[in-house]
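# Next comes the sequence, and after it the predicted model I'd like to discuss.
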Amino acid sequence: MIIHLEPNIQPGQLAEVQQKLTAHGFTSTEVRTQSHHYLVGVGKKPIDIRVIGTLPGIQDIHRVSDGYKLVSKKWRVQDTKIDLGDGVGIGRGHFQIMAGPCSIESEEQVEAVVKHLVANDVKIMRGGVYKPRSSPYSFRGLGQEGLQMFHQICREHGIRIITEVMMVEQIAEMHDFIDIYQVGARNAQNFNLLDALGEVDKPVLLKRGMSGTIEELLQGAEYIFSHGNEKIMLCERGIRTYENAYRNTMDINAIAMLKKMTHLPVIADPSHGIGIRAFVEPIALASVMAGADGIIMEVHQTPEKAASDGQQTLNFVEATEAYRRLRATRKLWEEF
């Protein structure tokens with residue numbers, strides 16, 4: 001169960017609730033987030049929740065059988081909205097496009113992409129400065145120096161930044177230069193990293209693991225939420241299957257299922273989902289019709305010269321047309 005506590009609950013009242021849960025065979029975990037205070041109760045015996053809900057200091061109580069309790073839609077039926085300020089939101093009626101290169105390569109590159117995004121009213125730029133690469137000999141990003149340059153240019157034009165964090169040690173040094181932490185597929189179950197991101201005050205986009213189930217993705221989000229951060233987005237980016245005609249198998253089904261199972265915003269990554277430039281836009285459009293709250297896609301001025309992932313990256317002309325069609329498709333979806 002989830003017990004939503006009053007903001008001004010007294011220590012004695014909290015202790016009484018915890019003691020009552022223990023008496024009924026429940027263990028309880030206290031969770032304080034950016035805006036709320038909860039107790040998460042776990043037990044095997046049935047209980048009349050009114051026994052707990054009538055105690056002083058309790059705002060609301062919910063019975064949630066899912067293992068991923070805090071991110072479940074069974075208790076918070078209204079979808080979560082992530083507020084990035086200045087009217088930029090994600091979730092609960094706020095559809096967003098995040099676009100940019102796989103890797104931040106140079107100042108000139110960032111300036112060109114930012115100019116493109118501003119011209120197309122795209123508010124969030126993606127770009128990696130720490131790159132997890134399959135080969136140790138591939139380009140692995142410009143690091144902290146590149147991030148500071150990235151931040152300075154984007155701030156001058158009102159563009160938000162999403163970039164990947166790979167280690168707990170990077171969280172603090174990145175904090176002042178980013179707006180959204182991205183957890184990549186390879187770290188989807190790095191629980192030390194997820195715990196630490198639960199203690200920050202900025203949104204986190206959690207990608208599905210390459211072989212991860214939907215439930216494992218939700219459990220990963222539960223780690224972040226249970227450590228205090230409610231600002232979480234989930235990302236379907238394709239899973240590894242026996243099919244080798246394309247990079248990954250983009251699980252469009254997962255988008256619709258996640259929208260049913262969780263109140264968190266759901267983002268689709270068609271670039272990694274299929275890995276073939278010609279099919280990125282149609283897969284993105286399908287994701288919108290499945291209910292995605294946003295699209296994150298790779299865009300580069302000259303994909304053929306990109307340091308990484310050029311084969312799945314749209315050029316500016318292709319991306320401009322994709323933005324138009326994505327927004328038109330979202331309006332169509334909203335009419336259903």
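Structure received.
# what's in contact with the lengthiest helix in the chain?
Ordering each helix of the chain by length in residues (DSSP state H) puts helix 316-335 first. Applying C-beta atoms under 8 Å, 6 or more residues apart in numbering, the contact partners of helix 316-335 are 95, 97, 99, 116, 119-120, 122, 277, 280-281, 284-285, 288-289, 291, 295, 297, 299, 301, 314. Every C-beta, even on glycine, is put in place using the N, C-alpha and C of the backbone.
# pLDDT-wise, which helix or strand of this structure ranks last?
helix 50-53 (a mean of 92; mean pLDDT, DSSP states H and E).
# still on that earlier bit, using CSV, write out every CA atom in the longest helix of the chain.
In CSV, the C-alpha atoms belonging to helix 316-335 read as follows (Å, rounded to 0.1, in the frame of the first residue of the first chain):
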residue,chain,number,x,y,z
PHE,A,316,18.2,19.1,-40.9
VAL,A,317,15.9,18.9,-43.9
GLU,A,318,14.6,15.4,-42.9
ALA,A,319,14.2,16.5,-39.3
THR,A,320,12.3,19.6,-40.1
GLU,A,321,9.7,17.6,-42.0
ALA,A,322,9.6,15.0,-39.2
TYR,A,323,8.8,17.7,-36.6
ARG,A,324,5.9,18.9,-38.7
ARG,A,325,4.4,15.5,-39.2
LEU,A,326,4.9,14.5,-35.5
ARG,A,327,3.0,17.6,-34.3
ALA,A,328,0.2,17.0,-36.9
THR,A,329,0.0,13.3,-35.8
ARG,A,330,-0.1,14.3,-32.1
LYS,A,331,-3.1,16.6,-32.9
LEU,A,332,-4.8,13.8,-34.7
TRP,A,333,-4.2,11.5,-31.7
GLU,A,334,-5.7,14.0,-29.3
GLU,A,335,-8.9,14.0,-31.3
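# List the buried residues of that helix.
For helix 316-335, a neighbour-count test (16 or more other C-beta atoms under 10 Å) marks 316, 318-319, 322-323, 326, 329-330 as buried.
# Mind putting these into a markdown table with distance to His263?
Converted to a markdown table, those look like this (distance: C-beta to C-beta, whole Å):
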| residue | distance to His263 |
| --- | --- |
| Phe316 | 35 |
| Glu318 | 34 |
| Ala319 | 30 |
| Ala322 | 28 |
| Tyr323 | 27 |
| Leu326 | 23 |
| Thr329 | 23 |
| Arg330 | 19 |
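# Could you export these as CSV, including distance to Phe336 and pLDDT?
What follows is the buried residues of helix 316-335, written out as CSV (distance: C-beta to C-beta, whole Å; pLDDT from 0 to 100):
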residue, distance to Phe336, pLDDT
Phe316, 31, 98
Glu318, 27, 98
Ala319, 26, 98
Ala322, 21, 98
Tyr323, 21, 98
Leu326, 16, 98
Thr329, 11, 98
Arg330, 11, 98
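# Could you identify the most distant pair in these?
Taking C-beta to C-beta as the measure, those span a maximum distance of 21.1 Å, between Phe316 and Arg330.
# Narrow the contacts of helix 316-335 to just the buried residues.
Applying 16+ other C-beta under 10 Å to the contacts of helix 316-335 flags 95, 97, 99, 116, 120, 122, 277, 280-281, 284-285, 288, 291, 295, 297, 299, 301, 314 as buried.
# out of the residues you listed, which are inside strands?
Among these, the residues falling in strands (DSSP state E) are 97, 99, 295, 297.
# among the residues you listed, which two are most distant?
Ala99 and Ile295 (8.2 Å).
# Now do the strands in the stretch 151-300 of the chain.
Ranges of strands within the stretch 151-300 of the chain are 160-164, 180-183, 204-207, 232-236, 266-268, 294-298, based on DSSP state E, counting those that start in this stretch.
# Between those strands, which one is closest to Arg247.
strand 294-298 (11.9 Å).
# ok, and what's touching that closest one?
90, 95-102, 126, 162, 205, 233, 235, 265, 267-271, 280, 284, 287-288, 309, 312-314, 319, 322, 326.
# what domains does the record give for the protein?
According to automatic domain parsing, the chain comprises the domains 2-62, 82-335.
# Deepest in the core, which of these is it.
When you average the neighbours per residue for each of the domains of the chain (mean count of other C-beta atoms under 10 Å), domain 82-335 leads with a mean of 19.
# if we can go back for a sec, now whichever helix or strand comes after the least confident helix or strand of the chain: average pLDDT?
Per DSSP states H and E, the first helix or strand lying C-terminal to helix 50-53 is strand 58-62. Averaged across strand 58-62, the pLDDT comes to 95.
# how far does the helix or strand following strand 58-62 sit from the chain's center?
Proceeding C-terminally, strand 58-62 gives way to strand 82-83 as the next helix or strand, assigned by DSSP H and E. The chain centroid and the centroid of strand 82-83 are separated by 11 Å, computed with C-alpha atoms, centre = their mean, to the nearest Å.
# Show me what the next helix or strand after strand 82-83 pairs with in its sheet, parallel or antiparallel.
Using DSSP H and E, the next helix or strand after strand 82-83 towards the C-terminus is strand 89-90. Applying DSSP bridges, strand 89-90 is found paired with strand 82-83 (antiparallel).
# Identify the residues contacting the strand it pairs with?
For strand 82-83, contacts defined as C-beta under 8 Å, 6+ apart pick out 89-91, 203, 231, 233, 265.
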